[in-house]
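[1] no FASTA, just this:
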């Protein structure tokens, strides 16, 4: 029987079938569900690492011990892990080692759309690109074998559209399996895992040779095992494609010959040359960078069309492939873009103005009262933000975030701004999980250099944005065991912060006063830990819901400025202002009381 | 017998659209077709716009539909049906839940949520058929407001030439034992609403 599995579920299943023994990850969209699923299989130890480099290092250690190991992360997470990734490529692996990079073309929930196939070329290791869930499942197994055979880390590259698409996979009932101890560790100078300069110099030519051998394998065995595949059709056009792009190609150009590459690096150039010779026109269709196209061209193989007609930026879609194929003259009349045959007229589209619907902090969110206060300080302060739900502090009505670049960067940016002579107060805003990810290092630097900054740690007891993952601050492990909980305030004090205050996330006035003290503090960084559990955690408790007394509401707008989706405009008009009064949607309200606290006329109270 | 169908499920984060589209994709498999469904997690789910594509065919390539080719636009919220209308093919079906969820841009600004009649008129002008379902009251009538999903899927099943039993089974498989009965009732009410 076939079942529908997402790409991420299929990667987890394939890894388990391949006997993966250890896996680690830091959550990040679109990669998160890989470890969440793997954690449910028997006989696997799956953990959240505190960041992506830690996760990769964990997997490297497991591999050196002889275990099949996997680390998963989103594309930008690989930047964090890159230091170790480059070195482990030089030093090689023992147990198969897979790094899953889940890229995000279209940057649906990321700060960029970097194409991580480039890492494979940069780091000189293979990159494998599945095109659907069944591919993902099978390719993980191939990747482990390849990794062990060539003693190389292997990148398995997914994308949002693969990770979060469900497609049919043959069902499997996992058998019982228990975690086995590793064999005794063997010290062998010929396979030293110590990347000293002398060893690195010796290894470099060896890994260059390794790439040549992997390319040769890909051109032969790579086709036999189904990693690479040719489907012959009309030989006037041959398309070389990979990953999800294959799905668009086979739908837009159903009759053509297709070389589907399951490995985008190193390329089986001999096989590609043979394919090119067998077709009249060679076209390369790939998402984001012209990664394969450049290599094919550099090898002296003539490419008729690639990035000249297909987009370099943004997610590839059926429409984009159709448009590119049209420009390349590959479409007959039947293949005309569907959007052109649709009868939607501009008049019809404009007959209703559709208001935008941006994401917002949830009703009851523990970040709301803080941002309401931060907004009031923003004229005198520069705010460096970080990555998490609280990134939404940049949106209306708060608009209280001036800079945000990457995980953990808030503290370092605030520090640099202040120490360079910034005239405004410098505030860093960082979440609990992000603080453990990469906030500890910059905090040490800020303390050491006596940076006069306010560091606000929004501790909502979970990694919220990616969908409720545990972290060192909660002490619960991925597989539901009791690990050790680390107290954020205690860590900051132990590191040498002389002003550490904790404040209740829903107390508007207390946050205001604490924030003011932190901004006035002169002896190095001041830390404020704003504590309140995310509404999706079991620690959050619904309180009696709020209602607006229309007789008291004077339409001042204060409650709207807390930016709560539960606060809506009522149909009743306040005659003096001519504005609509406020109302509260009882289905959405959690009773957090933030709106009640900011109402200057006490018009908001709990429903009796 | 359906051989090919493009469906687009839209609405607001938190409405259970991803589960509903999961079930619709599973029905495709149960009908002996190939099926894919695709969506984007993350930012979109914090009260933002959610879209989920479900495609049935003998062999499905792209996991997402193309603008202007959607056979059925299934909107869990009134305004969202208008937002995604240009994805519908000319003469396609719109199945829309009458429920309104007010976007923050309306609460905070001077923009207005369009009148229901204006939205429905726009839908009717483009679509071959518009089916409006009061899913929330029906779910409450069934005994649980969270069965809006089931009401909508049942309504969808009534619009397609497929065995309703396959849909009901697919829905109930996803529901814990103690909620089966209320979902059975919700399914019946949804079928009746769209019949």
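    It's in. Quick caveat: nothing in here was measured; it's all calculated off a predicted structure.
[2] residues in contact with the one residue in the stretch 151-300 of chain A that gets nearest to chain B?
    Across the stretch 151-300 of chain A, no residue is closer to chain B than residue A:251, which sits at 3.5 Å (CB to the nearest CB). All C-beta spots, glycine's among them, are computed from the backbone N, C-alpha and C. Each residue near residue A:251 by CB atoms under 8 Å, 6 or more residues apart in numbering or on different chains is listed here: A:318, B:61, B:62.
[3] cool, residue A:20 as well?
    Taking CB under 8 Å, 6+ apart, we find residue A:20 in contact with A:38, A:44, A:68, A:69, A:70, A:144.
[4] residue A:244 too?
    Residue A:244 sits next to A:131, A:159, A:161, A:162, A:287, A:316, B:63 when contact means CB under 8 Å, 6+ apart.
[5] surely residue A:471 meets residue A:431?
    No. Here residue A:471 does not reach residue A:431: they are 9.5 Å apart, not a contact under CB atoms under 8 Å.
[6] hmm, back to that, list buried residues within the contacts of residue A:251.
    Neighbour counting with 16 or more other CB atoms under 10 Å in any protein chain shown marks A:318, B:61, B:62 as buried within these.
[7] distance-wise, check the second one relative to chain A.
    Read that as residue B:61. Residue B:61 sits at a distance of 4 Å from chain A (criterion: CB to the nearest CB, to the nearest Å).
[8] helix, strand, or coil at that residue?
    coil (DSSP: H, G, I helix; E, B strand; the rest coil).
[9] ok, it - contacts?
    Taking CB under 8 Å, 6+ apart, we find residue B:61 in contact with A:247, A:248, A:250, A:251.
[10] for the closest residue in space to residue A:459 that isn't next to it in sequence, what are its contacts?
    Nearest residue to residue A:459 in three dimensions, chain neighbours excluded: residue A:432, at 4.3 Å (CB to CB, 6 or more residues apart in numbering or on different chains). Contacts for residue A:432 (CB under 8 Å, 6+ apart) come out as A:457, A:458, A:459, A:460, A:461, A:462, A:471, A:473, A:488.
[11] going by distance to chain B, which of those residues wins?
    residue A:460 (13.2 Å).
[12] and the closest one, what does it touch?
    A:366, A:367, A:389, A:431, A:432, A:505, A:532, A:533, A:534, A:537.
[13] number of residues surrounding the second one?
    Residue A:367 has 26 neighbouring residues, counting by other CB atoms under 10 Å in any protein chain shown.
[14] circling back: now, which of the contacts of residue A:244 lie within strands?
    When DSSP state E is applied, the contacts of residue A:244 are split such that residue A:159 fall in strands.
[15] would you mark the buried spots in the helix ranked longest in chain A?
    Longest helix in chain A, counting residues (DSSP state H): helix A:197-219. Buried residues in helix A:197-219, defined by neighbour count with 16+ other CB under 10 Å: A:203, A:207, A:210, A:211, A:214, A:215, A:217, A:218, A:219.
[16] drop anything exposed from the contacts of residue A:432.
    Buried, going by 16+ other CB under 10 Å: A:457, A:458, A:459, A:460, A:461, A:462, A:471, A:473, A:488, out of the contacts of residue A:432.
[17] those residues in strands, which ones?
    Short answer: the buried ones among the contacts of residue A:432 in strands (DSSP E) are A:457, A:458, A:459.
[18] quick one: these as CSV, columns for distance to residue A:104 and pLDDT too.
    Output for those, formatted as CSV (distance: CB to CB, whole Å; pLDDT from 0 to 100):
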residue, distance to residue A:104, pLDDT
A:457, 26, 98
A:458, 24, 98
A:459, 27, 98
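[19] packing partners for the helix or strand containing residue A:73?
    Residue A:73 belongs to strand A:69-74 when assigned by DSSP states H and E. On a contact count with 3 or more CB pairs under 8 Å, 6 or more residues apart in numbering or on different chains; DSSP states H and E, strand A:69-74 meets strand A:22-25, helix A:33-38, helix A:52-64, helix A:75-91, strand A:97-103.
[20] deepest-packed of the ones you listed, please.
    strand A:97-103 (a mean of 30; mean count of other CB atoms under 10 Å in any protein chain shown).
[21] and the residue nearest the centre of chain B?
    Residue closest to the mean C-alpha point of chain B, counted by CA atoms, centre = their mean, is residue B:74 at 3.3 Å.
[22] quick check: buried residues in the helix or strand hosting that one?
    Using DSSP H and E, residue B:74 falls within strand B:70-75. Under the neighbour-count criterion of 16+ other CB under 10 Å, strand B:70-75 has B:70, B:71, B:72, B:73, B:74, B:75 buried.
[23] hmm, back to that, which members of the contacts of residue B:61 occur in helices, if any?
    Here DSSP H is the test, and those give A:247, A:248, A:250, A:251 as lying in helices.
[24] I'd assumed residue A:135 was in contact with the first one.
    No. Contact status for residue A:247 versus residue A:135: not in contact, 10.3 Å apart, counting by CB under 8 Å.
[25] so what's residue A:537 closest to, chain neighbours aside?
    Among residues not flanking residue A:537 along the chain, residue A:462 sits closest, at 5.2 Å (CB to CB, 6+ apart).
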